[in-house]
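Asks: The following comprises the amino acid sequence and a computationally predicted model.
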Amino acid sequence: MNSFFKELFFEVPSRRGFVNITREVENCLKESGIQEGLLLCNAMHITASVFINDDEAGLHRDYERWLEKLAPHAPTSQYAHNGYEDNADAHLKRQIMGREVVVAVTAGKLHFGTWEQIFYGEFDGRRKKRVLVKILGE
Amino acid sequence: MNSFFKELFFEVPSRRGFVNITREVENCLKESGIQEGLLLCNAMHITASVFINDDEAGLHRDYERWLEKLAPHAPTSQYAHNGYEDNADAHLKRQIMGREVVVAVTAGKLHFGTWEQIFYGEFDGRRKKRVLVKILGE
Amino acid sequence: MNSFFKELFFEVPSRRGFVNITREVENCLKESGIQEGLLLCNAMHITASVFINDDEAGLHRDYERWLEKLAPHAPTSQYAHNGYEDNADAHLKRQIMGREVVVAVTAGKLHFGTWEQIFYGEFDGRRKKRVLVKILGE
């Protein structure tokens, strides 16, 4: 049995944004040398997500608008969490989009459907944040 | 260490629907011979979900109505993604219901609570789509 | 390869509540002796969640209010599932908050970001319910 981990860093210059991190995750897998196993990729922050969906700009605008409708940022005073902070909505949005993905590794590759891509979803950006990739297998 | 994978195919004749796939996943586990480990089951399409909940028809009607309220299909023009397609809502619904489940394998069985059942959730059906089962253990 | 499991029991005295179970999960990891691997922690009931977020009382009040807005408990007659039961909303809330988390194990510890804590989310409490911890690694 073999295991591997790497922490990736992302800094989204706006409060919210989506970053395609599939290439970085694939590079981790190559570096690990693992051929068969499971790969975990998770946000290490609780106001961010890692999720799998389509790399299509229109869809990302839809996500942005939809998440703002389900869990609006303003008025920030509507949230009990917003004493010293203003990011309660980010904690809510991250629950909708999820913390992590687990991906099968088969024959040394991410075992993906045609359109699956891994995204980092930022809901409280403008600072450096971490994503963890952990791989178990052999 | 041992690993196993199989791709399952489902074709839901309507746009949306829920299919209990627990038996198919159990058959994969039997076929793998793995006694202790982790089992990943995920939709390979980004407009579908795999999730665990109750096999109760009333609840499934509630899910259908609830998801339509949170992320309505129509009017399709409300979504930026819907240029050549009309399935933006399916990408949103899938985030609520989730892409994947990870299930413990103990003594050669899915280690489940009394009512846990695995479902394929289709939000853009009427064509053949894939679900991946990957098992790691020994 | 090594594997370990333990079922934890929680009884929330109210219908809904959030319990920080990080310490119990860490104790499982210590007991397992596993140094490198993946840890799965999931609710074994379909009206409860396991999720990772912040241990902050204001945020938990925000979650409670937000989930009640997205999937209200009352009137219970609005749900087809509520024939003999009154917990349809709990099945919906659990989909937003998630069934499970998968956590990396590195050097014998939960590989967490600064603020990550594991919570049991109860949406139909006042009875004893189970959470499963399964660890795979070596």
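Replies: Arrived safely, thanks for sending.
Asks: For the closest residue to chain C within chain A, which non-adjacent residue is spatially closest?
Replies: Nearest residue of chain A to chain C: A:M44, at 3.0 Å (Cβ to the nearest Cβ). C-beta coordinates here come from the backbone N, C-alpha and C atoms, glycine included. Among residues not flanking A:M44 along the chain, C:G113 sits closest, at 3.0 Å (Cβ to Cβ, 6 or more residues apart in numbering or on different chains).
Asks: Pretty sure the one you found sits against A:T47.
Replies: No: at 10.5 Å, C:G113 and A:T47 do not qualify as touching, with contact defined as Cβ atoms under 8 Å.
Asks: which other residues reach the helix of greatest length in chain A?
Replies: Secondary structure assigned by DSSP state H gives helix A:57-70 as the longest helix of chain A. Helix A:57-70 has contacts (Cβ atoms under 8 Å, 6 or more residues apart in numbering or on different chains) with A:16, A:18, A:53, A:92-93, A:96-97, A:121, A:123, B:70-71, B:79-83, B:88, B:91-92, B:95, C:70.
Asks: ok and that helix relative to helix C:57-70, angle-wise?
Replies: Counting by axes from the mean of the first three to the mean of the last three Cα atoms, to 10 degrees, helix A:57-70 lies at 100 degrees to helix C:57-70.
Asks: Counting by contacts, list what the helix or strand following helix A:57-70 packs against.
Replies: On the C-terminal side of helix A:57-70, the closest following helix or strand by DSSP states H and E is helix A:88-97. Here helix A:88-97 touches strand A:48-53, helix A:57-70, strand A:117-122, helix B:88-97, strand C:48-53, helix C:57-70, helix C:88-97, going by 3 or more Cβ pairs under 8 Å, 6 or more residues apart in numbering or on different chains; DSSP states H and E.
Asks: Can you name the residue of chain A nearest to chain B?
Replies: The minimum distance from chain A to chain B, using Cβ to the nearest Cβ, falls at A:G113 (3.0 Å).
Asks: ok but that residue is inside a strand, no?
Replies: No: counting by DSSP: H, G, I helix; E, B strand; the rest coil, one finds A:G113 to be coil, located in no strand.
Asks: Surely it is in contact with B:A48?
Replies: No: between A:G113 and B:A48 no contact is recorded; they are 9.4 Å apart, counting by Cβ under 8 Å.
Asks: neighbour count winner among these two?
Replies: Ranked by neighbour count (other Cβ atoms under 10 Å in any protein chain shown), A:G113 and B:A48 place B:A48 first, with 26 against 17.
Asks: The more buried one: what's it in contact with?
Replies: By Cβ under 8 Å, 6+ apart, the contact list for B:A48 reads B:A90, B:R94, B:Y120, B:G121, B:E122, B:F123, B:D124, B:K129, B:V131.
Asks: and if you look at A:F123?
Replies: Counted by Cβ under 8 Å, 6+ apart, A:F123 has contacts A:R15, A:R16, A:T47, A:A48, A:S49, A:L67, A:N87, A:D89, A:A90, A:K93, A:R94.
Asks: follow-up on the earlier one: pull out the buried residues from the contacts of helix A:57-70.
Replies: A:16, A:18, A:53, A:92-93, A:96-97, A:121, A:123, B:70-71, B:79-82, B:88, B:91-92, B:95, C:70 (16 or more other Cβ atoms under 10 Å in any protein chain shown).
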